[in-house]
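model the structure of this input:
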Amino acid sequence: MERKEIFICNWCNQPSTIIWVHGHGQCAVCGYNVDECCRGESAECNNLNSSEENKENSDDRN
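The predicted structure follows:
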């Protein structure tokens with residue numbers, strides 16, 4: 001049997017569990033999004049590394 005953690009929803013103030021839908025967690029009672037899917041994560045670091053490498057490569061060519 002799976003044990004589910006009970007929490008108090010900040011939106012409806014009801015004891016609830018988290019239901020995972022399309023990568024985000026929502027309150028089982030009211031459906032409010034309680035755990036965002038990406039929490040602000042981005043690929044910006046990878047893009048910066050690529051542009052730095054491109055700059056280094058173009059400097060080497062000159």
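
per-residue confidence for F7?
What the model reports for F7 is a pLDDT of 92.

beta partners of the nearest residue to E36 once chain neighbours are set aside?
Among residues not flanking E36 along the chain, H24 sits closest, at 5.7 Å (C-beta to C-beta, 6 or more residues apart in numbering). Just so you know, the C-beta spots here come from the backbone N, C-alpha and C atoms, and that holds for glycine as well. Bridge pairing for H24 (DSSP bridges) gives the partners V21.

does I19 belong to a helix, a strand or coil?
strand (DSSP: H, G, I helix; E, B strand; the rest coil).

neighbours of the closest residue to W11 other than its chain neighbours, how many?
Once flanking residues are discounted, W11 sits nearest to Y32: 3.8 Å by C-beta to C-beta, 6+ apart. Y32 sits with 13 neighbouring residues when counted by other C-beta atoms under 10 Å.

roughly how far apart are Y32 and N13?
11 Å (C-beta to C-beta, to the nearest Å).

any idea how far I8 lies from G23?
23 Å.

revised request: answer the last question for C37.
4 Å.

count of residues packed around the closest residue to I18 other than its chain neighbours?
Distances taken as C-beta to C-beta, 6+ apart put G25 closest to I18, at 4.0 Å, once the chain neighbours are dropped. The local packing of G25 (other C-beta under 10 Å) involves 17 other residues.

how about T17?
By other C-beta under 10 Å, 13 other residues sit near T17.

so it is in contact with I8, correct?
No - counting by C-beta atoms under 8 Å, I8 is not a contact partner of T17; they are 11.3 Å apart.

ok, now which ones touch the residue nearest to W11?
9-12, 26 (C-beta atoms under 8 Å, 6 or more residues apart in numbering).

ok, of the residues you listed, which come out buried?
Neighbour-count burial (16 or more other C-beta atoms under 10 Å) is assigned, among those, to 9, 26.

got a markdown table for the contacts of Y32, with distance to R3 and secondary structure too?
Shown next, in a markdown table, are the contacts of Y32 (distance: C-beta to C-beta, whole Å; DSSP: H, G, I helix; E, B strand; the rest coil):
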| residue | distance to R3 | secondary structure |
| --- | --- | --- |
| C9 | 19 | coil |
| N10 | 22 | coil |
| W11 | 24 | coil |
| C12 | 22 | coil |
| Q26 | 19 | strand |
